[in-house]
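A.B. asks: Give me a 3D structure for the following:
(one chain, ligands or ions: 1)
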Amino acid sequence: MNIGIVGLGLIGGSLGLDLRSQPNLHYVWGISRNQTTCDRAVALGAVDVASQNFASIPQIDRTDVVFICTPISAILSAITSVIPHISQTAIITDVGSVKSSISLQGQMLWSRFVGGHPMAGTAFSGIEAAERSLFQQRVCVLTPGIDRAALEMVRSIWESVGATVYESSPEAHDRAVAWISHLPVIVSAGLLLAAQREGNDEISQLAQKLASSGFRDTSRVGGGNPELGRMMAEYNQTALLDHLYSYQQTLQDLITMIEQGQWQEIQTALEVAQHLRPLYVRE
Ligand code: NAP
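C.D. replies: Numbering: from 1, shown residues only. Okay, here's the model as predicted:
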């Protein structure tokens, strides 16, 4: 297949590495904002060719599928930019972490558009962060639109790099990921920011020296890519705020139990939490 990737960072670069590791199956071209990124993507083997300009990509008019892997704010404009260069039969899909603000508008721009979101990431960003097998045993959400055949084609590509595909409406996706992805980013960032409020330098430095696996786990997503976190908040504001208020109330309930020395109630709440975790996290 002839596959394009627009936005050669963590997600776009990782997808390119996996697609190109499937011998002789795909010709993968890339577009990115900076020429140095394009050069690195070629050198790392994430794409066959890369450029800042669509017009200079060989055989772009024979593209089968284009993956838009830019930051969320640039996805719709990237769709608009690629359209003049591809044939009517080409499929466009994206990897943006929010879907309500993208899937419907994407389809209005291009009837063969399929909204997508691979649930995979690391704390790092940019082409140097790209890694092989990032999507192995991960979930990818696709939002069904007008064109069923287009969705099945995108599904087969995600499955070929090891992902399990789920279908969802954009709205259900955004409310669900607000719980399991966007809320944790804000909660985790809040933990780091709160720890920094310790007024005593000696205690603060000691805490930094003592921090171990528990703090590494709970601070990981809050200490990740700030631009990505900001976009989650900006583009999924309603669902994220709903969930933050619910979290705030839950935290207040726990604070009250601790203030009032309700140790059995605290233990019961933690037992419920312990039973809930395997519903979300499969280890
Ligand atoms: P990233 O590492 O920062 O990569 C995005 C790349 O896009 C940048 O390296 C940049 O390349 C390029 N870019 C920026 N604006 C562009 C434009 N207008 N045209 C072409 N290229 C442009 O970010 P990422 O983590 O891969 O995220 C990309 C998308 O994946 C986002 O929509 C995000 O919501 C989604 N996503 C992220 C994660 C995650 O955990 N990171 C998980 C799932 C989905 P230059 O170096 O050339 O500027």
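A.B. asks: Show me what the helix or strand of the chain with the lowest mean pLDDT is packed against.
C.D. replies: Between all helices and strands in the chain, the lowest mean by mean pLDDT, DSSP states H and E belongs to helix 226-235, at a mean of 93. With contacts taken as 3 or more CB pairs under 8 Å, 6 or more residues apart in numbering; DSSP states H and E, helix 226-235 sits against helix 183-195. Heads up, the C-betas are built off the backbone N, CA and C, glycines and all.
A.B. asks: still on that earlier bit, relative to helix 183-195, how tilted is the least confident helix or strand of the chain?
C.D. replies: Between the axes of helix 226-235 and helix 183-195, defined by axes from the mean of the first three to the mean of the last three CA atoms, to 10 degrees, the angle is 120 degrees.
A.B. asks: so which strand or helix has Thr70?
C.D. replies: Here Thr70, judged by DSSP states H and E, is contained in no helix and no strand.
A.B. asks: Heading C-terminal from the strand or helix carrying Ser14, find the next helix or strand.
C.D. replies: Taking DSSP H and E as the criterion, Ser14 maps to helix 10-20. Later in the chain than helix 10-20, the nearest helix or strand by DSSP H and E is strand 27-31.
A.B. asks: Heading C-terminal from that next one, find the next helix or strand.
C.D. replies: Under the assignment DSSP H and E, the closest C-terminal helix or strand after strand 27-31 is helix 35-44.
A.B. asks: and that next one with the ligand, contact?
C.D. replies: Yes. In this structure, helix 35-44 sits against the ligand according to CB under 6 Å from any ligand atom; the contacting residues are Thr37.
A.B. asks: other SSEs contacting that helix?
C.D. replies: helix 10-20, strand 27-31, strand 49-51.
A.B. asks: could you dump the first one to CSV, C-alpha only?
C.D. replies: So that's helix 10-20. What follows is helix 10-20 as a C-alpha-only set of coordinates in CSV (Å, rounded to 0.1, in the frame of the first residue of the first chain):
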residue,chain,number,x,y,z
LEU,A,10,6.1,10.0,18.6
ILE,A,11,2.9,8.6,17.1
GLY,A,12,3.5,9.2,13.4
GLY,A,13,7.1,8.1,13.6
SER,A,14,6.2,4.9,15.6
LEU,A,15,3.5,4.0,13.1
GLY,A,16,6.0,4.5,10.2
LEU,A,17,8.6,2.3,11.9
ASP,A,18,6.0,-0.5,12.3
LEU,A,19,4.6,-0.2,8.8
ARG,A,20,8.1,-0.2,7.2
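A.B. asks: okay, now the domains of the chain?
C.D. replies: Taking automatic domain parsing as the reference, the chain has its domains at 2-168, 172-280.
A.B. asks: Turn these into TSV, columns for mean neighbour count.
C.D. replies: Compiled in TSV, the domains of the chain are given as follows (neighbours: other CB atoms under 10 Å):
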stretch	mean neighbour count
domain 2-168	19
domain 172-280	14
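A.B. asks: Now do whatever residue of the stretch 51-200 of the chain ends up closest to the ligand, the pLDDT please.
C.D. replies: Of the stretch 51-200 of the chain, the residue with the smallest distance to the ligand, taken as CB to the nearest ligand atom, is Gly121 at 1.9 Å. Gly121 is assigned 88 on the pLDDT scale.
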